[in-house]
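1. no FASTA, just this:
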């Protein structure tokens, strides 16, 4: 997170994140508010409620609760200065939540050092039985309603306070306020950004958290510079909900619950290109929504709202869709545009070869109903904030870290929240900061098909059919000249209505021959090709082992048969996508086992050990040698044979499934043959392997092996139908949609009357495990 942390002067911070016509620096209105605040609240000695509390040795909790008293005095002074102030800053009907110009406090469960301040009225009557909204957070914290019926989802600003005189030596751990912001943004799908402030002694720091950056102000003394606090609180007390960080295109709706034990449930209405969609149940996937400095992807099953606005009864479409809401970098292309290019290239192939690949390829890809960059009410793209004047990179100050006095005034020396002095000379100026500052854009996609991911599949036969179709989809992708670069179990789907495997998430797909310079590593490490992990060619044939060992430490000596001038720089290629399918299959063998194994209570320790050694690499992509040797040594290598011996005890009655590991030999043969060929020369230098060399052979071989195993299994177990599988291991730590529980529960493609009870249950990860 630290590489996303920035700092700027307080004036610049307020002008960037809280700019209004009345609250700018030097505003006569702000000066009038300052003059109208009673002396018993603010005088020459500072804010008296806080000063008196500090003298009495009150705890931080007591000071938390003095801030609403200060805010009430400020809003009263604002009404005297301009009676129309609050009326001109109320919401315009974009959200049911209304501004009452009163700061109230509620606690963030399980985070006692963080306070949540709310402004306005909760839009659900206090006597309405409500299903807890959304799911438990990754911390296991359930959503709760406080005594005043506020939800933390209605938070306007969060705070952390340490009164230095009451707690000698106490300091704020800045990571705590970041955790609080992440929790708020995770709990509420409407949140685009969150404001916060920290108080240490007399020093205040203002914070802004969006989906890409954390920007804090320079600390200021709240007693000596009260105008900053006045401007900050006036904004919070009068801003419209979109200015407080809420998404005006997402509305919280209270609808009838399908579960008999509840009367109401909170759903969310998403607006997409003028149409509205209502979520059903909890999110299908929201694992990364808790990591707010990322794409923060949420996936929902939705139905289109045919009619019903405000309090009118809702009429929903019969058809279900899937809605994905996330934040992409502004310069990233939309997935639908990339898919159009892929089909456009296939049409060119069809015209030149008189084929019909375009029509045949479409079933293996998703159908887009919408793919939209979210716009605000005034038609402006919903992007993260741009840098302000004086912005510089910063670092977190850890508890106990000393800050040099040369970089702060004597009045600031009580605060531990100032930036690391070591950054003073080395940080770039506000122009150079553009090199480091990236902007994310809010994107919302609606798909026609409701599918299962590989994580959700419950039987081997369906898994084999899905993977066989994924290989076919990758074959069409190669025909179009594109590489996927993110083939994973979460991006390989099974469409139950069409009985077809589908490829998802083409955001990282690019043309193979496209010049790209430095390519950032993409994909899920668990399913990543080993060459791509190592960023090196692993199948260039050495002269011989003795020669290789004798000269490997000598500079400028080439141990390979191929001249160095003929070795292209490493780049992702088509075979790397296919290798990811192999790793998905290996993952499946380790994580799903025959039901008989579950009932036998066989020890899973050997399987766990094998999974951690060969499948899940180190998060930093280190310690991958055993995994690499599976591919480089092939099926007869020691690593694969060790894995086979481990799996033998679990698949004794279903041995054909394990035989598919021989795909490793096919990968070795194809890689070795590839890296013996001459690369394409561009500007006199080798650029990449010739795309003409990549034929259908490897694709057809892998498809045939999956098909042969499928036929053997279906014949052997014809009487019982598909073979059931049970989740026995814990969630894959590298998986973006890892299941929270190993308890399987099958669901249908769409919810029927029999399934209504399940709609209120947790949908983190695979719905089949709810």
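-> Structure received. Computed from a predicted structure; not experimentally measured.

2. how much space between residue 267 and residue 231?
-> Between residue 267 and residue 231 the computed distance is 37 Å (CB to CB, to the nearest Å). The way it works is simple: take the backbone N, C-alpha and C, and place the C-beta from them, glycine included.

3. neighbours of the nearest residue to residue 338 once chain neighbours are set aside, how many?
-> In this structure, residue 338 finds its nearest non-sequential neighbour in residue 506, 4.7 Å apart by CB to CB, 6 or more residues apart in numbering. Counted with other CB atoms under 10 Å, the neighbours of residue 506 add up to 24.

4. got the residue ranges for the strands in the stretch 601-750 of the chain?
-> For the stretch 601-750 of the chain, strands defined by DSSP state E, counting those that start in this stretch occupy the ranges 680-682, 685-688, 725-727.

5. make sure residue 49 is indeed in a helix.
-> Yes - assessed with DSSP: H, G, I helix; E, B strand; the rest coil, residue 49 lies in a helix.

6. thought it was touching residue 38?
-> No - using CB atoms under 8 Å, residue 49 makes no contact with residue 38, being 11.1 Å away.

7. look at these two and report which has more neighbours.
-> residue 49 (20 against 11).

8. report the contact partners of that one.
-> 41, 66, 69-70 (CB atoms under 8 Å, 6 or more residues apart in numbering).

9. and the nearest residue to residue 498 once chain neighbours are set aside, how many neighbours?
-> Among residues not flanking residue 498 along the chain, residue 363 sits closest, at 6.4 Å (CB to CB, 6+ apart). Around residue 363 there are 16 other residues, counting by other CB under 10 Å.

10. separation between residue 363 and residue 479?
-> According to CB to CB, residue 363 and residue 479 sit 15 Å apart.

11. ok, back up a step: now the residue nearest to residue 338: how far from residue 480?
-> As defined by CB to CB, residue 506 lies at a distance of 11 Å from residue 480.

12. need the residues touching each of the two.
-> Jointly contacting residue 506 and residue 480 under the rule CB under 8 Å, 6+ apart are residue 342.

13. does residue 571 count as helix, strand or coil?
-> Put simply, residue 571 is coil when judged by three-state DSSP.

14. need the contact list for residue 342.
-> 365, 476-477, 480, 482, 506, 509.

15. where does it land on pLDDT?
-> Residue 342 is assigned 97 on the pLDDT scale.

16. look up phi and psi at it.
-> phi -60, psi -50 (degrees, to the nearest 10).

17. likewise the one 3 residues further on?
-> When quoted as degrees, to the nearest 10, the phi and psi of residue 345 stand at phi -70, psi -40.

18. run a quick neighbour tally on the nearest residue to it once chain neighbours are set aside.
-> Leaving aside its chain neighbours, residue 345 sits nearest to residue 480 (3.9 Å; criterion: CB to CB, 6+ apart). For residue 480, the neighbour count with other CB under 10 Å is 22.

19. cool, the one 4 residues further on as well?
-> Other residues near residue 484 come to 28 when the count uses other CB under 10 Å.

20. residues contacting it?
-> Neighbouring residues of residue 484 by CB under 8 Å, 6+ apart: 474, 477, 491, 503, 506, 508-509, 577.

21. who wins for neighbours among these?
-> That'd be residue 577 among the contacts of residue 484, by other CB under 10 Å, with 27 neighbours.
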